[in-house]
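Participant: model this:
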Amino acid sequence: MASSHVNALQSKHAGLEAKLRDEMARPAPDAAMIQSLKKQKLRLKEEIARN
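Facilitator: A predicted model of the protein is given here:
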């Protein structure tokens, strides 16, 4: 059960990484959006590390 939870978290983390890359590739990236995505990624990474 925990393994599927970790897999789901890793999938969400990868999705956030893709959104972050897309945002940073824009001509005028939204700094607030980038900061928010990075915080979300960090929270997921910490939760993955706990499991």
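
Participant: ranges for the helices of the protein?
Facilitator: 2-25, 31-50 (DSSP state H).

Participant: would you list the ones you listed in a markdown table and tack on mean pLDDT and mean neighbour count?
Facilitator: All C-beta atoms are positioned from the backbone trio N, CA, C, and that covers glycine. Conversion of the helices of the chain to a markdown table gives the following (pLDDT from 0 to 100; neighbours: other Cβ atoms under 10 Å):
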| stretch | mean pLDDT | mean neighbour count |
| --- | --- | --- |
| helix 2-25 | 94 | 13 |
| helix 31-50 | 96 | 13 |
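
Participant: can you give me phi and psi for residue 28?
Facilitator: In terms of degrees, to the nearest 10, the main-chain angles of residue 28 are phi -130, psi 80.

Participant: for residue 34, see how far away it is.
Facilitator: 12 Å (Cβ to Cβ, to the nearest Å).

Participant: same check, this time on residue 11
Facilitator: In terms of Cβ to Cβ, residue 11 sits 21 Å off from residue 34.

Participant: now do the same end-to-end measure for stretch 24-32.
Facilitator: Across stretch 24-32, the terminal residues are separated by 12 Å (Cα to Cα, to the nearest Å).

Participant: which other residues reach it?
Facilitator: Residues external to stretch 24-32 that are found in contact with it (Cβ atoms under 8 Å, 6 or more residues apart in numbering): 23, 34.

Participant: touching, residue 38 and residue 20? I think so.
Facilitator: Yes - contact status for residue 38 versus residue 20: in contact at 6.9 Å, counting by Cβ atoms under 8 Å.
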